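From the sequence below, what's the structure:
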Amino acid sequence: MKKFAGTYSWILALAIACAVVGVSLVSCATQVAPGGGPEDKLPPRIAAVYPAPGTTNHPNELYIKLEFDEWINPNIPRNAVSISPPIEKKMRFEVSGKTLELTSRGLLDTGTTYTVTFAGGIKDLRGNSLAKPFQVVFSTGAHIDSLKLDGRIMVNDSMMKKKLYPSIGLFLMGTEREGIRYLQKFRDSTTKQLDSLPMLAKEPPLFATLADSAGNFELTGLKPGRYRVAAFLDANGNQKIEPSAELVGFWIQDLVLTEASADTLWIPLGDQDTSRLELESVTQPFANVLEATFTRPVYFDSAFTDTANCSITSNTDGKKLYPSKVYLGASSRKPQFYFNEKPKKETVYKFACNSAKDSLFRPLDTLRNYVEWEWQEMAKDTLAPSVVAAKFTSRTKAVFPHDSLIISYDKPFGDSLAQTFYTAINKDTVQLNVVVLDPVRLLAKRDEEWPTDVAIEVLQGYNDTTLAAADSNGVRDTVVTLKYKRLTRVEAVSKLKLASLKGAVPGGNDQVAVRLTSIETKAAQIAKCDAAGNFTFPDLEEGAFFIEYYYPKEGRDTPDAGALSPFSFGKPWRAPNDTLKISKGENDLNKLIPNLPTLSKK
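Predicted coordinates:
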C-alpha cells in the first residue's frame, strides 16, 4: 500500500494576510476573458493553495483557498468539488478573478483527515477545464491518515462528450460506523440502531473522489478499515448513488484496507434502474399489423416472440385473437404483430402481453401490460410488401470480406418470395442466395467472401412484361425481361487498410469477452475467448481503438457491474490506458501492449 507523501514541492502555501474581495455565485459583477493575443486552449493550473497539503491541526472550520494562473469562471457546478469524509452542511464557493475560496457552515470532525477534490467542472473564462482532479489533504488532528488507493472506472463516449466523469466511493462497514457524525441521521427511527452495512442508495460514502477523463483515480488520506466499494456517475453532484438516473458499479468484493494492502481497483459501470418494463401504446402501421411501444426496448427472445404471448381481446364479445407472426419492425425497431384473421373494424380491443423484458432482464409490470385500442379498417392498404433497407453488418462505412447483407421489408413477405437479389461488382452481376431470418428480414449471401477495393451495388430483380411487335398473323407475344432496381451502393474496404487483431488475455478463459471500440467511429465489436484466453478480430480497418476485457453479465455481452438491489458484486474488468493503434495486416495485441493488466478470477 502506498503512503501519502505529505509534501508537494511545486505548490505554495498561501498566507491569508490580506483581505480579498470575493465575488459570489449570485454576484451582479460580470467577469469576462481578457481580450487580445492567441486563443487560449490551455487548462487552468493551480499556482498556490491554502492550507498546504499535509497540514495537521487544522481548525474545525472548512476554509480552502486556491490561486490559479488565470481567471476562472465563477459558475462552479456542484459536482466540481467534493469533500471526504462528508460534512453536514453544503459547501459554498466564492470566486474573484484567479482566486477560489471554499467554505461551509458545517463543522469538521476533530482528529479527522479530510480530502477535498477539485475536478474538471472548474474552468477558465475560455471554457478550458482542469486537466485532472486536484486534491488537498489535511487533518484536524495531529496525524494524517496516509493510505492511498488507485484504479480505473469505465468511461463511455457520452461522459466524454459531456465532460462528466464518474466518482469512486468507499462506504465504511462494521461497528466503526457508530462514531461517524454524518451517519447518525441514518439510524433506524424505531430502534435507533445504525446498520453495520452501508445504505448505498441513501448515504454518501466516507471517502470519495472524481476520476479523470480516462477513468483513472487516486484516493488519498485513507484510514484502515473494511469498505464496500462503488463507482457511480454523480450527475447532480450530491455525492450519493441514485440508481434510477445514474450508472453504478461495484468492485468484485469488499475491501479490507490495511498498511499491507496492494489492491488496484478496476470497476465497470452499469444501469442499476430496477423499475419494471411497461407497455405504453399500440399503433396500426398496416392493415393487419399492430406495433407496440414499451418504456424501453424489448429483449427479443423466444418467450416474447411466442405467438401465444401477446393477444387482442374484443371488449364487445370477448373474442381473443393471437398474431401469426411476431417480429421487430424494420424501420421502427419496435415489436410488430401480424394477424391473419382481421379483427372487426371500429371495435375496441384490449392488447396485452403476458411476459416481456428489456436488455437488462427487467421484467414487464403485470399491472401495466395492456392498453385499449380501436381497430381501424385501412382498406386502402393493398400494396405488396416492399424492401425498405439493404444493409451490410459492417461497423464502418466500408464492407469487409466476412460481413453479412441483411434485406428488410416493411411488412411480412409471406411463405413465398417472388423477388430475387443480385450484386453488381465490376460490371459482373451475380444472383445472391437468400435465407429467411424472420418475417420481414432476409440474409443475402454470395458463394465467396466480399472482395476488397471495389464498389458493390445491391440490386433487386423484377420481371418487366411487355408485348412484342405483331408477327405476320398479327399476334403479339408477351416478352418477360429481367430488370434491376438498385437498393444500395457501398464501397468495399481497401486491401491496404484491411487489418486483423489477435491476442491472449492474461488470466483469460472461455468465459471472458473482449470488446474493441473504434475511437473514430465509436463502433464496437466483441470477440469471445477460448479456454486459454485467445481471441481474434478478423475484419478491422487500421486506426486507433480502445480495448477492454471482462466477464460478461449473464445472458449479455456487456461487463458485469454488479447490482444494487438485490446486492451483488461486480465481476473482473480490465482496460489498458494505452490507445491501441492497429496497422494494416495482422496485429498481435500482446506485442502492441506488452504489459497488459491481468484479469483476476471471478
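
Let me see the contact set for the residue most central in space within the chain.
In the chain, the residue lying closest to the centroid (C-alpha atoms, centre = their mean) is Asn156, at 5.4 Å. Counting by C-beta atoms under 8 Å, 6 or more residues apart in numbering, Asn156 touches Leu269. Glycine gets a C-beta too; all of them are placed from N, C-alpha and C.

ok, it to Ile519 distance?
Applying C-beta to C-beta, to the nearest Å, the value for Asn156 to Ile519 is 13 Å.

same question, Glu346
55 Å.

Which of these two has more residues huddled nearby?
Remark: of Glu346 and Ile519, Ile519 carries more neighbours, 13 against 8, as counted by other C-beta atoms under 10 Å.

ok, the more buried one - contacts?
Listed by C-beta under 8 Å, 6+ apart, the contact set of Ile519 reads Gly543, Ala544, Phe545, Phe546, Thr579.

Return a ChimeraX selection command for the buried portion of those.
Those of the contacts of Ile519 that count as buried under 16 or more other C-beta atoms under 10 Å are selected in ChimeraX with:
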select :543,545,546
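
any idea which helix or strand comes after the helix or strand of the chain at the bottom of the mean pLDDT ranking?
Least confident element among the helices and strands of the chain, by mean pLDDT, DSSP states H and E: strand 23-24 (a mean of 30). Using DSSP states H and E, the helix or strand that follows strand 23-24 towards the C-terminus is strand 46-50.

which parts of the next helix or strand after that following strand are buried?
Using DSSP H and E, the helix or strand that follows strand 46-50 towards the C-terminus is strand 61-68. For strand 61-68, a neighbour-count test (16+ other C-beta under 10 Å) marks Leu62, Ile64, Lys65, Leu66, Glu67, Phe68 as buried.

didn't the third one look like it was pressed against Thr103?
Read that as Lys65. No. At 9.5 Å, Lys65 does not count as touching Thr103 under the criterion of C-beta atoms under 8 Å.

buried ones in stretch 561-577?
In terms of neighbour count (16+ other C-beta under 10 Å), stretch 561-577 has its buried residues at Ala561, Gly562, Ala563, Leu564, Phe569, Gly570, Lys571, Pro572, Trp573, Arg574, Ala575, Pro576.

In the chain, where is pLDDT below threshold?
Low-confidence segments of the chain (pLDDT under 70): 1-38, 416, 602.

And the helices in it?
For the chain, the helices defined by DSSP state H cover 157-162, 302-305, 589-592.

Tell me which of those approaches Ala262 most closely.
For Ala262, the closest of the helices of the chain is helix 589-592, at 24.2 Å, according to C-beta to C-beta.

picking up where we left off before, which one of the buried residues of stretch 561-577 is nearest Tyr114?
Leu564 (27.4 Å).

can I assume the closest one is in contact with Met199?
No. Look at Leu564 against Met199 with C-beta under 8 Å: they stay out of range, at 10.8 Å.

What's the separation between the closest residue in space to Leu108 that isn't next to it in sequence and Ile144?
Spatial nearest neighbour of Leu108, chain neighbours left out: Asn60 (4.7 Å); criterion: C-beta to C-beta, 6 or more residues apart in numbering. To Ile144, Asn60 is 16 Å away according to C-beta to C-beta.

go on, Thr396?
Distance, Thr396 to Ile144, using C-beta to C-beta: 52 Å.

and Glu548, how far is that from Ile519?
Using C-beta to C-beta, Glu548 is found at 13 Å from Ile519.

same deal with Ala80?
In this view, Ala80 and Ile519 are 27 Å apart by C-beta to C-beta.

again, but for Lys483
For Lys483, the distance to Ile519 (C-beta to C-beta) stands at 44 Å.

now stretch 234-241, how far from the centre of its chain.
Mean C-alpha position of stretch 234-241 versus that of the full chain (C-alpha atoms, centre = their mean, to the nearest Å) differs by 18 Å.

One more: stretch 86-106?
33 Å.

Show me the contact partners of it.
By C-beta under 8 Å, 6+ apart, the residues outside stretch 86-106 that reach it are 20-25, 31, 47, 61-74, 76, 81, 83, 107-108, 116, 118, 122, 181-182, 204-206, 208, 239.

Got a quick PyMOL command for the buried subset of the residues you listed?
Buried residues among the contacts of stretch 86-106 (16+ other C-beta under 10 Å), as a PyMOL selection:
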select buried, resi 22+23+62+64+65+66+67+68+70+71+72+73+74+76+81+83+108+116+118+122+181+204+205+206+208+239
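
For Gly318, the count of nearby residues, please.
8.

can you pull out the strands in the stretch 201-350 of the chain?
Under the criterion DSSP state E, counting those that start in this stretch, the stretch 201-350 of the chain contains strands at 207-210, 216-222, 225-232, 247-250, 255-257, 264-267, 270-271, 279-286, 289-294, 310-314, 320-321, 325-328, 335-338, 348-353.

Adding distance to Leu405, write those strands out as a markdown table.
Formatted as a markdown table, the strands of the stretch 201-350 of the chain follow (distance: least, C-beta to C-beta, whole Å):
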| stretch | distance to Leu405 |
| --- | --- |
| strand 207-210 | 46 |
| strand 216-222 | 42 |
| strand 225-232 | 41 |
| strand 247-250 | 35 |
| strand 255-257 | 50 |
| strand 264-267 | 39 |
| strand 270-271 | 32 |
| strand 279-286 | 25 |
| strand 289-294 | 25 |
| strand 310-314 | 30 |
| strand 320-321 | 35 |
| strand 325-328 | 18 |
| strand 335-338 | 22 |
| strand 348-353 | 32 |
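
The ones you listed: which one's closest to Asp150?
Of all the strands of the stretch 201-350 of the chain, strand 216-222 comes closest under C-beta to C-beta, at 4.6 Å.

Partner strands of that closest one and their direction?
Strand 216-222 has its sheet partners listed here by DSSP bridges as strand 147-153 (antiparallel).

Tell me the buried residues in stretch 517-530?
Neighbour counts using 16+ other C-beta under 10 Å place Thr517, Ser518, Ala527, Cys529 of stretch 517-530 among the buried residues.

which parts of stretch 489-496 are buried?
Neighbour counts over stretch 489-496 (16+ other C-beta under 10 Å) mark Val490, Ala492, Val493 as buried.

and the second one, bridged to which residues?
Judged by DSSP bridges, the bridge partners of Ala492 are Val399.

Tell me which stretches of the stretch 401-550 of the chain form strands.
Counting by DSSP E, counting those that start in this stretch, the strands of the stretch 401-550 of the chain are 405-409, 420-425, 428-431, 433-438, 441-445, 455-467, 478-491, 498-504, 513-518, 524-528, 534-541, 543-550.

Report the inter-axis angle for the first one versus strand 478-491.
Going by axes from the mean of the first three to the mean of the last three C-alpha atoms, to 10 degrees, strand 405-409 is angled at 120 degrees with respect to strand 478-491.

so how far is strand 405-409 off the chain centroid?
For strand 405-409, the distance to the chain centre is 28 Å (C-alpha atoms, centre = their mean).

tell me the domain boundaries of the chain?
Residue ranges for the domains of the chain, per automatic domain parsing: 12-271, 279-374, 387-491, 498-592.

and the ones you listed as JSON lines, adding distance to Ser600?
Conversion of these to JSON lines gives the following (distance: least, C-beta to C-beta, whole Å):
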{"stretch": "domain 12-271", "distance to Ser600": "7"}
{"stretch": "domain 279-374", "distance to Ser600": "24"}
{"stretch": "domain 387-491", "distance to Ser600": "30"}
{"stretch": "domain 498-592", "distance to Ser600": "5"}
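
and of the ones you listed, who's closest to Lys380?
Using C-beta to C-beta, those put domain 279-374 closest to Lys380, at 8.6 Å.

Over to that closest one now: how far is its first residue from its last?
End-to-end distance for domain 279-374: 16 Å, by C-alpha to C-alpha, to the nearest Å.

And for stretch 191-202?
End-to-end distance for stretch 191-202, by C-alpha to C-alpha: 18 Å.
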